[in-house]
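Visitor: Could you work out the structure for the sequence below:
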Amino acid sequence: MSKRKQSEILSFFKSGNQSDASPRSKPVDPTQVKIPSPSSSSLLVNIIDDDDDDHVDAGDEQSLKKVKLDENPILTKLRELDNFKSFNTTKEFEDTFISITDYLFNNTELVVKDKCYRLAEIEYYVTSSNHNDPFSHCHPLQSTRAEWYFHQSLAKTNDNNYRGGNYKGIDFSIGSDKFKGGILIRSLLKSDRKTLVEGPSKCVDEILGHFDCNEIHEFVTQHYRGQKHFDALDTSSVCYLRPIDKPHTDSFIKSARVGLTLKQKTQQKLRVEYIFRPYRHCLRPKDMKKGKHLMTIVLYRDLMRSGEKSVIRKVEAATNSSGLQKYFTTYEEYDELAFEDVESIDASKLGDYSKDLTAQQIYELGGMLKHIF
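Guide: Numbers count the residues shown, from 1 in each chain. Sure, this is the predicted structure:
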């Protein structure tokens, strides 16, 4: 990439007016986008256009040039988080996450060795004084920005404290000296635009597999020798994010995050407040197998609020689901028990939801928290 091109990109993102500069980069507001229907050309989910081959070969010499961090448009985009501490409403947090996701999904790719992937599913975990998400790891590495954080056990203090098995995970750090934050990578789309690597541990395994490593510790020892911080934008490293030359224009849906529970007895009210926050973003919801009900409760609520008709049918179409009528009947029945706002949350009334949530319980709890998440 030439210095002139880098300068143009930097100026474009510093302008703070993406939607005016290019319709391709318009942040997505899923509550304002129509669902696919036989009579409508508007789509909630734009499936990737097979005729639009935007993949840049990892061997392209120019694309592998190292870009200084202060010139990198990815880092420029993350500066939208610099005012995070001044946010006062849930919408401000959500809109910022949506804007960043739109950029990451449509304007970047993950390069691992000589292979390229699109980010296809991510979750946000950010904790600050004005956004006290109790489900965040709050690891010191999440105070950094644009670094890789392989999930670690806070109970261990040695160098080999990385989580293993199904507990493996990798975050793209988005924090600062004022708050801790990470974007969990849940799914990757291979360059064939058909194969989906789904699940945090599977994504880590996909990365490790390129280097014949079985464990994270083995990988970082070999490829980040002597380093405590793993730069996620360094194009001379073995694993990094980079901007693409031809952005995609795909939309995505919001969802509650996967695997969160009310098992913990500490910070119960906060856990109730944040358990269904729509901080999971899915590029290929029809193709994803995990967390379907967590997609549908958010989509249903948003479409009902926007006055859509035939909502259940549209939710089923957007997520490739069926048989949701009985679940949303339950969702609406629990409206009578719904908390009106965060202040009215009474965690003591939710004792039945202190284990892993069944599908039925997701809709019961969703109905009770419809005004909260």
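Visitor: Please, where are all the helices along the protein?
Guide: Under the criterion DSSP state H, helices of the chain are mapped to 3-14, 18-21, 73-78, 90-107, 200-209, 216-223, 268-274, 292-305, 311-319, 325-333, 359-368.
Visitor: Contacts for the fourth one next, please.
Guide: Read that as helix 90-107. Defining contact as CB atoms under 8 Å, 6 or more residues apart in numbering, one finds that helix 90-107 is touched by 24-30, 73-74, 77-78, 80-81, 84, 87, 118-120, 122, 124, 126, 131, 174, 183, 241, 243-244, 247-250, 252, 254, 277-279, 281, 283. For glycine as for every other residue, the C-beta is placed from the backbone atoms N, C-alpha and C.
Visitor: pLDDT of it, averaged?
Guide: Averaging the model's pLDDT scores along helix 90-107 yields 98.
Visitor: mind saving the C-alpha coords of that helix as CSV?
Guide: Once non-C-alpha atoms are left out, helix 90-107 reads as follows in CSV (Å, rounded to 0.1, in the frame of the first residue of the first chain):
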residue,chain,number,x,y,z
THR,A,90,-27.4,1.9,26.6
LYS,A,91,-28.0,3.1,23.1
GLU,A,92,-24.6,4.9,23.0
PHE,A,93,-22.8,1.7,23.9
GLU,A,94,-24.7,-0.4,21.4
ASP,A,95,-24.3,2.1,18.6
THR,A,96,-20.6,2.3,19.1
PHE,A,97,-20.2,-1.5,19.1
ILE,A,98,-22.4,-1.7,16.0
SER,A,99,-20.3,0.8,14.2
ILE,A,100,-17.0,-0.9,15.0
THR,A,101,-18.4,-4.3,14.0
ASP,A,102,-19.6,-3.0,10.7
TYR,A,103,-16.0,-1.9,10.0
LEU,A,104,-14.4,-5.1,11.2
PHE,A,105,-16.8,-7.4,9.3
ASN,A,106,-16.7,-5.4,6.1
ASN,A,107,-13.3,-3.7,6.0
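Visitor: Please point out which parts of it sit buried.
Guide: 93-94, 96-107 (16 or more other CB atoms under 10 Å).
Visitor: Got a quick ChimeraX command for the buried subset of the contacts of helix 90-107?
Guide: In ChimeraX, this line selects whichever of the contacts of helix 90-107 come out buried by 16+ other CB under 10 Å:
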select :25,26,28,30,73,74,77,78,80,81,84,87,118,119,120,122,124,126,131,174,183,241,243,244,247,248,249,250,252,254,277,278,279,281,283
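Visitor: ok so, going back, dump the buried residues of helix 90-107 into TSV; add distance to Asp212 as well.
Guide: Putting the buried residues of helix 90-107 into TSV (distance: CB to CB, whole Å) gives the following:
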residue	distance to Asp212
Phe93	40
Glu94	41
Thr96	39
Phe97	35
Ile98	38
Ser99	38
Ile100	33
Thr101	32
Asp102	35
Tyr103	33
Leu104	28
Phe105	30
Asn106	32
Asn107	31
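Visitor: Closest to Asp231 out of these?
Guide: When the buried residues of helix 90-107 are ranked by distance to Asp231 (CB to CB), Leu104 comes first, at 16.8 Å.
Visitor: Next one: that closest one from Ile122, what distance?
Guide: Between Leu104 and Ile122 the computed distance is 7 Å (CB to CB, to the nearest Å).
Visitor: between these two, what contacts are shared?
Guide: Shared contacts of Leu104 and Ile122, defined by CB under 8 Å, 6+ apart, comprise Ile183.
Visitor: Longest strand in the protein, by number of residues?
Guide: Secondary structure of the chain read by DSSP state E shows that its longest strand is strand 115-128.
Visitor: What is it packed up against?
Guide: Other elements packing on strand 115-128 under the criterion 3 or more CB pairs under 8 Å, 6 or more residues apart in numbering; DSSP states H and E are helix 90-107, strand 108-112, strand 170-174, strand 180-190, strand 196-198, strand 280-282.
Visitor: what angle sits between the second one and strand 180-190?
Guide: When axes from the mean of the first three to the mean of the last three CA atoms, to 10 degrees is applied, the directions of strand 108-112 and strand 180-190 differ by 80 degrees.
Visitor: For Ser129, report the pLDDT, please.
Guide: Per-residue confidence (pLDDT) for Ser129: 93.
Visitor: which residues touch it?
Guide: In this structure, Ser129 makes contact with 85, 179, judged by CB under 8 Å, 6+ apart.
Visitor: Quick check: the gap between it and Ser86.
Guide: 11 Å.
Visitor: Skipping adjacent residues, who's closest to Trp148 in space?
Guide: Distances taken as CB to CB, 6 or more residues apart in numbering put Phe230 closest to Trp148, at 4.1 Å, once the chain neighbours are dropped.
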